[in-house]
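Engineer: model the structure of this input:
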Amino acid sequence: MSTNWYKSAAPFRTVNRKLVHGSAFGLGGLLYLQVWLPLTGLAIPCVFLKVTGLYCPGCGMTRAVLSILRLDFYQAFRYNALLFLLLPLFLAYGITQKTGRKRLGSGIMAVMLIMTLGYGLLRNFPAFAWLAPTTI
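Structural biologist: As a prediction, the model looks like this:
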């Protein structure tokens, strides 16, 4: 009898484990952004920018997240607008995967990939300099 109860409780243990791991990952990221960076100033540099001198699609993403944590959405958008474009699409992608609509999810993923590549290219042209991350 107790064996059946143990087997029926298995999905709840999995959800709790994922919640704990996700929370620990989020807390670690928050500590990195709010404690480690201000204290040390040792950020992860963009290797692509260092090697090529061009902005990658992720340049300014850390500063954008820090601005969002300070509730400064305007400055976050100036650092990296792609974050605001991809976030709703990523949420939609997650929903399609959970509901079993794999084909729609694949289409959303393709759109996100095309947007990311296009954003990475455009932000390096002078006509689209407004897409480059700001320095302040």
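Engineer: now the helices for this protein?
Structural biologist: Secondary structure of the chain by DSSP state H: the helices cover 2-8, 10-31, 37-40, 47-52, 61-69, 73-79, 82-98, 102-122.
Engineer: which stretches of this protein have low pLDDT?
Structural biologist: Residues of the chain meeting the criterion pLDDT under 70: 1-15, 136.
Engineer: kindly recompute the last result at 80.
Structural biologist: 1-16, 33, 37-38, 41-44, 135-136 (pLDDT under 80).
Engineer: got the domain boundaries for it?
Structural biologist: The chain breaks down into these domains under automatic domain parsing: 1-43, 46-136.
Engineer: let's have the ones you listed in TSV, adding mean neighbour count.
Structural biologist: Backbone N, C-alpha and C define where each C-beta goes, glycine included. Below are the domains of the chain laid out as TSV (neighbours: other C-beta atoms under 10 Å):
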stretch	mean neighbour count
domain 1-43	10
domain 46-136	15
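Engineer: what's near enough to touch the residue most central in space within the chain?
Structural biologist: The residue lying closest to the centre of the chain (C-alpha atoms, centre = their mean) is Leu83, at 6.9 Å. Under the criterion of C-beta atoms under 8 Å, 6 or more residues apart in numbering, the neighbours of Leu83 are Met61, Ala64, Val65, Ala76.
Engineer: could I get those residues as TSV with distance to Pro88?
Structural biologist: Below are the contacts of Leu83 laid out as TSV (distance: C-beta to C-beta, whole Å):
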residue	distance to Pro88
Met61	16
Ala64	15
Val65	16
Ala76	15
